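Trainee: I need the structure of the sequence given here:
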Amino acid sequence: MKKGNNKLRGMILAIMGGVFWGISGVVAEYLMRNENISASWLVGVKMMVAGCLILLYQMIKGNKNSLSPFKYKHEIIQLIIFSVLGVLGLQYSFFKAIQVSNAATATILQYLSPILLVVYFIFEKRELPNKLSIVSILISLVGTFLLVTKGNINELAISSQGLFWGLLSAFLGAFYIIQPRKLMAKYGTTLIIGWGMLIGGIVFQLYQPIWRNMPEFTPRIVLGVLVITIIGTVFSYICLLTSTEYIPPQFSSLLTSFEPLSSAVLSVLFLGLVLTPIEIISMLLIVLAVFLLSRCDIS
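Mentor: Model prediction:
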């Protein structure tokens, strides 16, 4: 019973993480389109604030080992890699994809990361993929092709920049689940995420200081930034990565199918996005491909 409860807990956390991330993308698109806020400024602010909030939460809980990840040189290097590539890289590439395309497209491209996870674990375990895995990967490729071409092989339906940043966010999305597993197992998910956010945010200040291009803070902007920072960043990361303590990371990533679905629905309802039949089919194919992977042996 305890094992079943843990699995259910992990599934719920993974789903919540996906929905929160989808909400973050839609709110970010609104701020970029309607409030003229750049992706760079938004990423820097939310990472700094989110990192400080998570570490403050650790202090309030009485965690006396907040500096433990800095004891050993090799772990410091791993933490910096996670902070810059796994956290900062994913955040920046995802928001750039939104800026040059839209939240729904950026989210569905980033959702290709579970396919990349499966490919990685095939190589890690040195096992040939089963037939269902191959079919799933082929379906995801077809879905991606339709999404970026709308069926017209002569030209891209989205900008080359949108495709680049979206695919990059997919690669980095897989990376941030795989790379910090040992650190999180040793020091805890929340602590590593907190330091990852803060270190990544500090590094990003070298490129985009918070005080540069600062917008005029209106109630809408403040509310939007808070939603992105607290719900779409802190809660999303904690939910998704904590879920991997109860279920395999591949399965956790599969359940974030609510991420592109929530993003698409919210974009249609609140941002006036109009999806063509081809786009709907392409999104459903990618989601279907990821769900098919759940029938594979991923334990």
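
Trainee: and the spatially most central residue of the chain, what does it touch?
Mentor: In the chain, the centroid-proximal residue (C-alpha atoms, centre = their mean) is Gly173; its distance is 5.5 Å. Applying C-beta atoms under 8 Å, 6 or more residues apart in numbering to Gly173 gives the contacts 90, 94, 110, 113, 116. Using the backbone N, CA and C atoms, a C-beta is placed for each residue, glycine as well.

Trainee: count of neighbours near the third one?
Mentor: Residues within reach of Gln110, counting by other C-beta atoms under 10 Å, total 29.

Trainee: list the residues that contact it.
Mentor: Gln110 neighbours (C-beta under 8 Å, 6+ apart): 94, 97, 166, 169-170, 173, 259.

Trainee: nearest to Ala14 among the residues you listed?
Mentor: When the contacts of Gln110 are ranked by distance to Ala14 (C-beta to C-beta), Glu259 comes first, at 9.8 Å.

Trainee: just the contacts of Gln110: which are in strands?
Mentor: The strands, defined by DSSP state E, take in nothing from these.

Trainee: what about Leu206, is that helix, strand or coil?
Mentor: coil (DSSP: H, G, I helix; E, B strand; the rest coil).

Trainee: quick one: it from Arg212, how far?
Mentor: Counting by C-beta to C-beta, to the nearest Å, the separation of Leu206 from Arg212 is 12 Å.

Trainee: looking at the two, which is more packed in?
Mentor: Under the criterion of other C-beta under 10 Å, the comparison of Leu206 against Arg212 puts Arg212 first, with 12 against 7.

Trainee: that one in helix, strand or coil?
Mentor: Under three-state DSSP, Arg212 falls in the coil class.

Trainee: how close does Arg45 sit to Leu223?
Mentor: Actually, residue 45 is Val rather than Arg. Distance, Val45 to Leu223, by C-beta to C-beta: 14 Å.

Trainee: strands of the protein, start to end?
Mentor: For the chain, no strands are identified by DSSP E.

Trainee: where are the low-confidence patches of it?
Mentor: Scanning the chain for pLDDT under 70 picks out the ranges 1-4, 114, 128-129, 147-148, 150-157, 249-261, 290, 293-299.

Trainee: longest helix anywhere in it?
Mentor: The helix spanning the most residues in the chain, taking DSSP state H as the definition, is helix 2-34.

Trainee: report the buried residues of it.
Mentor: Of all the residues in helix 2-34, those buried under the rule 16 or more other C-beta atoms under 10 Å are 10-11, 13-32.

Trainee: one more: stretch 55-74?
Mentor: Judged by neighbour count (16+ other C-beta under 10 Å), stretch 55-74 contains these buried residues: 55, 58, 63, 69.

Trainee: what's it in contact with?
Mentor: 75-76, 79, 183, 187, 190-192, 194-195, 198.

Trainee: of the residues you listed, which belong to helices?
Mentor: Those of the contacts of stretch 55-74 lying in helices (DSSP H): 75-76, 79, 183, 187, 190-192, 194-195, 198.

Trainee: restrict these to the buried ones and give me that as a ChimeraX selection.
Mentor: Buried residues among the ones in helices among the contacts of stretch 55-74 (16+ other C-beta under 10 Å), as a ChimeraX selection:
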select :75,79,183,187,190,191,192,194,195,198
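
Trainee: from the ones in helices among the contacts of stretch 55-74, which is closest to Asn130?
Mentor: For the ones in helices among the contacts of stretch 55-74, the residue nearest Asn130 by C-beta to C-beta is Leu183; the value is 30.9 Å.
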